[in-house]
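In: What follows is a predicted structure for the sequence shown.
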Amino acid sequence: MPHFRITGTELEKIKMGLRSKSSSLTAGLTAIALLVAVSGCASPQQKDGKAVAVMYDEVYDPLEPMNRYFFDVNYALDALFLKPVAEMYRGVLPEAVRDSVTNFLTNLSQPIYLINNVLQGDLNGAGDNMGAFFTNTFLGVGGLFDVAKLNTPSEDMGQTFAKWGIQEGPYLVIPVLGPRTTRAAVGGIADYYLDPVNYAAKENGIEHAGAVRWAVNGIDQRSRAIEALDEIEKNSIDFYAAIRSLYRQNRNNMILNGASNSTQLPDMSFDDDDNPVKKN
Amino acid sequence: MLTKRKFFQGMLVATAALAVLFQPVAYAAETKEQAALAMVKNIGDEAVATLADTSLSDEQKQDRFEKFLDSSFDMNRIGRFVLGQYWREASETEQSEFLKVFRDYMVTSYADKIGSYSGENLEIKDATSLNDKESLVHSLITRPNGPPIKLDWRVRSTDQGAKIVDVIIEGISMAQTHRSEFASVVSQPGVGVEGLINKLKEQIKTASNK
C-alpha cells in the first residue's frame, strides 16, 4: 500500500517540527491501523444482482440496535441542551456577529483543510486554503471577515481516507458527537492530532482551546440547522433511518467535493417496466 | 459510363439511407435534454410565480402544488423505486395502495413548506444526459439571505412526455432518502409493506390535522 508512506512522512514532518509528540503519533497510527482492520472486514458481501447490492449498501448498519440507542440518547441531550442554547444564540446575537463566528471558525480550520487537500493530492484546493487563511487572517481581522471569498469546502481525514480507497466501515452513532461512518470517526481523531491549530494553542498556553472551539462550532452549526432538522423529523416515519441516509449521502457528496453526482445516482429503470418499450 | 451512373446512384441511396438512419437519433438525443430543460424551466417559473403571488391563499397554492405534482412527476415510478426490493414482495393490492398513499404522503410533507416562501428564486442552468432516457437539469435556488442551494432535477422521457423522477438537493437524492427510510421500516420484524402503508397513513393524518 504505497499511500500509507505519505502518512508516515507527513507525520514524521510534524514530529520533527513539533518535537516529542510521540504519544500522539502512536495514537494516530493506531487509529489508522484500526480503521484499515475494521474497514477490511466490514465490506458487505455482494448479493446477487446490482440493485440488491446497492440497496444493501444503503441500509448497511450492523450496529443498528446500539446506534438507535445512542441516537435516542443524543436526541434527548439535544432537546435538553444543544437546541435551546442554539436557539438562544440565534435569538440574542445579530446575524452579522454570528456570521463572523462562522468565518472565524472556518479560518481556524483552513490549516487542517490544507493538510488534507495535500494528502488528497488536491493542490488547487490547498492553494485556496492557503490564500483564504492569509487573506482573512490579515485583511479580515483575524478571520472574523471573509475577505477572500474563496468558498473553501471542508476537508477532513475521513474524506482523505475515502480518496485513498479505504471503505467507510459500519455506520456509528457516537454519544454526544452524533452520526459518523467508522472512517470519518477515525479520521476525526487523526485530524485532532494533525491540526496545527491545536499545537499552536498548546504552545501558547491557551487552555481548553480545543473544547471551546468544539463547543462553539457545535452551537454555530446547530443554530443553522434548527428548521431543517425540525422539518426532517416532522416528515419522516423513521427519523433515525432518514438521518442515516442523509448523513451518508452528504458525506459522499463531500468526498466528491460536490462534483457531478450522476455516476452515483441509482438506477430508476425496472427490468419489467410498467410500459415496456416494444422491440420490433 | 454505366459504372459511373451506378456509383452516383449508389451514393445517393446511401446518403438518403444515412440521413434516415441517423437523423432521428440525433434529433431525439437533442430533444431529450432540451425537453427536460424546457419542462423544468416551465414548472419552475410557474412554481415561483405561484408562491410569490400574494393574491392566492395558502389553500389555493396547495391545490396548485398538488396538480403540479400529479402532472409533472412520474409518481408511480418514484413510488415503485422507493419501495425498492420490497415492491416484488408486495401483493398487487398492496402495490396500488402504496402508490396512492405515497402520493398523499408527498403532498402533505411538502405542502406546509409553501407558507415558508421568502423571496427565493429558481435559476435554471443547463441539462446533461444521464442515460438514453434520462437527463439531469441543473438549477440554483438563489436566496435573499444565505448562499445559493444546488438543485438538480432528474427527468425521464415517458409515454406522457418528460416527467420528473427525482429531485437532488446539494447532492442528496430525495428518492434515495425515502427508499432508505422505507426499507428500514419495512424490514423491521412484523412490519412489512402493510405496516409501512399504515405508518404513512398515520403520518398523513397527523400532518393534515395541524
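Out: Sure thing, it's come through. In this text, all values refer to a predicted model and were calculated from it rather than measured experimentally.

In: element containing A:Gln110, please.
Out: Following DSSP states H and E, one finds A:Gln110 within helix A:95-119.

In: and the direction of the host helix or strand of A:Ala184 versus that of helix A:95-119, what angle?
Out: Assigned by DSSP H and E, A:Ala184 falls within helix A:182-194. Interaxial angle of helix A:182-194 relative to helix A:95-119 (axes from the mean of the first three to the mean of the last three C-alpha atoms, to 10 degrees): 100 degrees.

In: CA atoms only for helix A:182-194 - export them in CSV, please.
Out: What follows is helix A:182-194, C-alpha atoms only, in CSV (Å, rounded to 0.1, in the frame of the first residue of the first chain):
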residue,chain,number,x,y,z
THR,A,182,-16.2,4.4,11.1
ARG,A,183,-13.9,6.0,8.5
ALA,A,184,-15.0,9.5,9.5
ALA,A,185,-14.8,8.8,13.2
VAL,A,186,-11.2,7.6,13.0
GLY,A,187,-10.5,10.5,10.6
GLY,A,188,-11.7,12.9,13.3
ILE,A,189,-9.2,11.5,15.8
ALA,A,190,-6.4,11.8,13.2
ASP,A,191,-7.5,15.4,12.4
TYR,A,192,-7.2,16.3,16.0
TYR,A,193,-3.6,15.1,16.2
LEU,A,194,-2.7,16.6,12.8
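
In: So which bits of whichever helix or strand comes after that helix are buried?
Out: Following helix A:182-194 in sequence order, the next helix or strand is helix A:196-203 (DSSP H and E). By neighbour count on 16 or more other C-beta atoms under 10 Å in any protein chain shown, the buried set for helix A:196-203 is A:Val197, A:Asn198, A:Tyr199, A:Ala201. Every residue, glycine included, has its C-beta placed from N, CA and C.

In: Out of these, which is nearest to chain B?
Out: A:Val197 (24.6 Å; C-beta to the nearest C-beta).

In: Tell me which residues touch that closest one, please.
Out: Neighbouring residues of A:Val197 by C-beta atoms under 8 Å, 6 or more residues apart in numbering or on different chains: A:Leu108, A:Ser109, A:Pro111, A:Ile112, A:Arg213.

In: ok so, going back, just send the buried residues of helix A:196-203 back as JSON lines, with pLDDT and distance to B:Glu94 too.
Out: Formatted as JSON lines, these follow (pLDDT from 0 to 100; distance: C-beta to C-beta, whole Å):
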{"residue": "A:Val197", "pLDDT": "94", "distance to B:Glu94": "55"}
{"residue": "A:Asn198", "pLDDT": "92", "distance to B:Glu94": "55"}
{"residue": "A:Tyr199", "pLDDT": "92", "distance to B:Glu94": "60"}
{"residue": "A:Ala201", "pLDDT": "92", "distance to B:Glu94": "59"}
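
In: thinking again about what came up before, now do the helix holding A:Ala184 against helix A:196-203, angle only.
Out: Orientation check (the same axes, to 10 degrees): helix A:182-194 against helix A:196-203 gives 40 degrees.

In: confidence score at residue 54?
Out: With no chain named, the answer covers chain A. In this model, A:Val54 is scored at 61, pLDDT.

In: not what I meant, chain B
Out: The per-residue pLDDT of B:Thr54 was computed as 83.

In: Let me have the buried residues of helix A:196-203 in JSON lines, extended by distance to B:Asp159.
Out: As requested, these are exported to JSON lines (distance: C-beta to C-beta, whole Å):
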{"residue": "A:Val197", "distance to B:Asp159": "58"}
{"residue": "A:Asn198", "distance to B:Asp159": "60"}
{"residue": "A:Tyr199", "distance to B:Asp159": "64"}
{"residue": "A:Ala201", "distance to B:Asp159": "64"}
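
In: neighbouring contacts of stretch B:89-106?
Out: Contacts to stretch B:89-106, defined as C-beta under 8 Å, 6+ apart, come from residues B:69-70, B:75-76, B:78-80, B:82-83, B:87, B:193-194, B:196-197, B:200-201, B:203-204.

In: if I read this right, A:Asp191 contacts A:Met157, doesn't it?
Out: Yes: A:Asp191 lies in contact with A:Met157 (C-beta atoms under 8 Å); the separation is 4.9 Å.

In: list residues touching both of the two?
Out: What both A:Asp191 and A:Met157 touch, as defined by C-beta under 8 Å, 6+ apart, is the set A:Asn116.

In: More neighbours: which of those two?
Out: Using other C-beta atoms under 10 Å in any protein chain shown as the criterion, A:Asp191 and A:Met157 rank with A:Met157 on top: 29 against 22.

In: wait, what's in contact with the closest residue to the more buried one other than its chain neighbours?
Out: Once flanking residues are discounted, A:Met157 sits nearest to A:Gly187: 3.3 Å by C-beta to C-beta, 6 or more residues apart in numbering or on different chains. Taking C-beta under 8 Å, 6+ apart, we find A:Gly187 in contact with A:Leu35, A:Asp156, A:Met157, A:Gly158, A:Gln159, A:Thr160, A:Phe161.

In: just the strands in the chain please.
Out: Picked chain A for this. A:171-174, A:178-181 (DSSP state E).

In: my bad, the chain I had in mind was chain B
Out: Secondary structure of chain B (DSSP E): strands at B:121-129, B:134-142, B:149-158, B:161-169, B:172-173.
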